[in-house]
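**Q** Provided below are the primary sequence and the corresponding predicted coordinates.
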Amino acid sequence: MSSNASSLPADAEKSATSQWLSWILVVTLIYLLLAAVGSIGDGFKMATGNNAKELFAFATNPFIGLMIGLTATALIQSSSTVTSIIVGMVAGGLPISIAIPLIMGANIGTSLTSTIVSLGHVRNGEEFRRAFSAATVHDAFNIVAVAILLPLELAFSPLQHTAEALAGFVASDTGVDMKSINVMKMILAPAADLLKISVSWMPNKIWMGVALIVIGIGMILFVVSAIGKVLRTVMVGKAKVIMHRSIGRGPISGMASGMAITVLVQSSSTTTSLIVPLAGSGVFSLKQVYPFTLGTNIGTCITALLAATAISGPTAILAMQIALVHLFFNIFGIVIIYMLPFLRGIPPAIATKLAVLAQRNKLYVVAYMGGIFFALPLLMIGATQL
């Protein structure tokens with residue numbers, strides 16, 4: 001008995017040390033994320049000079065941008081990664097008007113993960129129906145949000161203007177020249193200098209810029225994945241407690257829960273992957289899952305906002321602006337679709353119909369996943385280039 005008792009403090013101390021090491025690793029990874037985003041911005045500036053707009057002229061069609069964002073996110077399986085890359089590209093000269101459809105596409109592409117998770121219930125017809133509807137309600141909401149907000153954005157630019165106003169307010173609210181006291185720039189300077197030195201052997205600035213972009217994208221892919229793994233180890237237990245306590249209390253509590261858990265684990269894919277099996281087993285209904293997934297959409301915006309803080313100089317406001325566009329797109333989507341009774345029921349109705357078809361014939365699952373996330377986007381991109 002005494003041996004067991006004496007081992008308890010040692011185990012607790014070991015656990016506390018492990019927790020501290022995990023959080024130190026998270027801070028290190030966040031630093032690398034910021035450095036990676038800065039690297040992409042520096043790379044675009046170096047490679048394109050003042051010709052960035054001409055470089056992205058092929059994407060002036062917003063539907064191409066939308067499809068590229070959708071397919072890229074579906075392939076990478078992380079909207080956080082894609083939006084962080086977009087923030088870096090905007091800092092490097094990508095026009096906001098092109099970046100906005102990319103962001104919208106990323107919002108749709110990220111919902112593929114939960115649909116894949118639902119396949120774990122495919123052997124049990126009723127469980128699969130519940131799981132598939134819980135997964136695709138996320139897809140359906142994001143698609144409906146794009147169908148409403150993209151035409152509005154093209155006609156009146158509400159997202160761009162709102163984000164521009166807030167980004168300008170944040171910048172001007174300081175009342176001082178931020179370039180002279182940019183703490184983030186000072187913190188990231190060693191990493192930025194080291195990255196530039198690592199490509200200094202390249203023959204010219206164009207190749208140096210391309211190398212910085214490739215390094216930055218590679219770092220973001222690694223860091224976002226690593227942060228997710230570390231935070232899942234540390235936080236998923238707490239996330240499940242939050243989920244069980246709050247989802248059944250109503251839509252506002254459900255949204256708040258989805259947002260909080262996504263911020264904790266830094267991955268909307270992880271959050272929705274937690275809820276889908278619970279929906280499949282009947283613990284939560286589609287009505288309860290629906291607002292929860294909307295909260296994950298807001299929670300995932302934190303990565304882009306964090307990434308925007310890595311940018312300094314004249315493009316800093318633009319980087320913050322596109323990060324805020326991501327946030328406002330999801331907020332406006334909730335306000336317009338969920339708050340209006342005649343629109344609120346559309347995503348669940350779509351998800352329910354898809355689930356019934358999928359339960360009846362699994363070929364519908366293949367057609368849906370392959371068509372929405374890959375075949376249709378690629379066909380639209382090809383058609384617009386003719």
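**A** Ah, there it is.

**Q** for stretch 192-206, the distance to its chain's centre please.
**A** 29 Å (CA atoms, centre = their mean, to the nearest Å).

**Q** residues making contact with that stretch?
**A** The set of residues that contact stretch 192-206 without belonging to it, under CB atoms under 8 Å, 6 or more residues apart in numbering, is 35, 38-39, 42, 46-47, 49, 207-208, 211-212, 215-216. Yep, even glycine has a C-beta here, placed from its N, CA and C like the rest.

**Q** could you do stretch 158-173 as well?
**A** Contacts made with stretch 158-173 from outside it, assessed by CB under 8 Å, 6+ apart, are listed as 96-97, 100, 149, 152-153, 178, 316-318, 320-322, 324-325, 327-329, 332.

**Q** show me the contacts for Gly109.
**A** Counting by CB under 8 Å, 6+ apart, the residues that Gly109 touches are 69-74, 79, 82, 373.

**Q** may I ask which of these has the most neighbours?
**A** Ser79 (33 neighbours; other CB atoms under 10 Å).

**Q** restricted to strands, list the contacts of stretch 158-173.
**A** Among those, the subset assigned to strands under DSSP state E is empty.

**Q** for the stretch 51-200 of the chain, give me the ranges with low pLDDT.
**A** When residues are selected by pLDDT under 70, those of the stretch 51-200 of the chain lie in 51-60, 77, 170-185.

**Q** now flag whichever of the contacts of stretch 192-206 is closest to Asn297.
**A** Comparing those against Asn297 with CB to CB places Gly216 closest, at 25.3 Å.

**Q** tell me how far the helix or strand hosting the closest one lies from the chain's centre.
**A** Taking DSSP states H and E as the criterion, Gly216 maps to helix 205-246. Averaging C-alpha coordinates over helix 205-246 and over its chain gives two centres that are 10 Å apart (CA atoms, centre = their mean).

**Q** ok, stretch 25-40 next?
**A** If you compare the mean C-alpha spot of stretch 25-40 with that of the full chain, they lie 16 Å apart, counting by CA atoms, centre = their mean.

**Q** buried residues in stretch 124-143, which are they?
**A** For stretch 124-143, the buried set under the neighbour-count rule, 16 or more other CB atoms under 10 Å, comprises 127-143.

**Q** equivalent analysis for stretch 80-87, please.
**A** 80-87.

**Q** next: stretch 248-255.
**A** 251, 253-255.

**Q** strands - which of those land there?
**A** Judged by DSSP E, the buried residues of stretch 248-255 include no members of strands.

**Q** turn these into CSV, including pLDDT.
**A** Supplementary listing: those in CSV, determined by pLDDT from 0 to 100:
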residue, pLDDT
Pro251, 90
Ser253, 90
Gly254, 89
Met255, 93
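
**Q** still on that earlier bit, could you pull up the mean pLDDT of the helix holding Gly216?
**A** For helix 205-246, the per-residue pLDDT values average out at 74.

**Q** state the distance from Ala106 to Pro158.
**A** Distance from Ala106 to Pro158, counting by CB to CB, to the nearest Å: 19 Å.

**Q** please list only the buried members of the contacts of stretch 158-173.
**A** Burial of those was assessed by neighbour count (16+ other CB under 10 Å); the buried members are 96, 100, 149, 153, 178, 316-318, 320-322, 324-325, 327-329, 332.

**Q** helices or strands next to the helix or strand harbouring Gly382 in the packing?
**A** If you go by DSSP H and E, Gly382 is part of helix 376-384. With contacts defined as 3 or more CB pairs under 8 Å, 6 or more residues apart in numbering; DSSP states H and E, helix 376-384 has these neighbours: helix 62-76.

**Q** between the helix it packs on and helix 376-384, how big is the angle?
**A** Here helix 62-76 points in a direction 150 degrees away from that of helix 376-384 (axes from the mean of the first three to the mean of the last three CA atoms, to 10 degrees).

**Q** what is the helix or strand just after helix 62-76 packed up against?
**A** Toward the C-terminal end, the helix or strand that comes next after helix 62-76 (DSSP H and E) is helix 79-91. Applying 3+ CB pairs under 8 Å, 6+ apart, one finds that helix 79-91 makes contact with helix 2-48, helix 62-76, helix 96-109, helix 205-246, helix 268-280, helix 301-308, helix 316-333.
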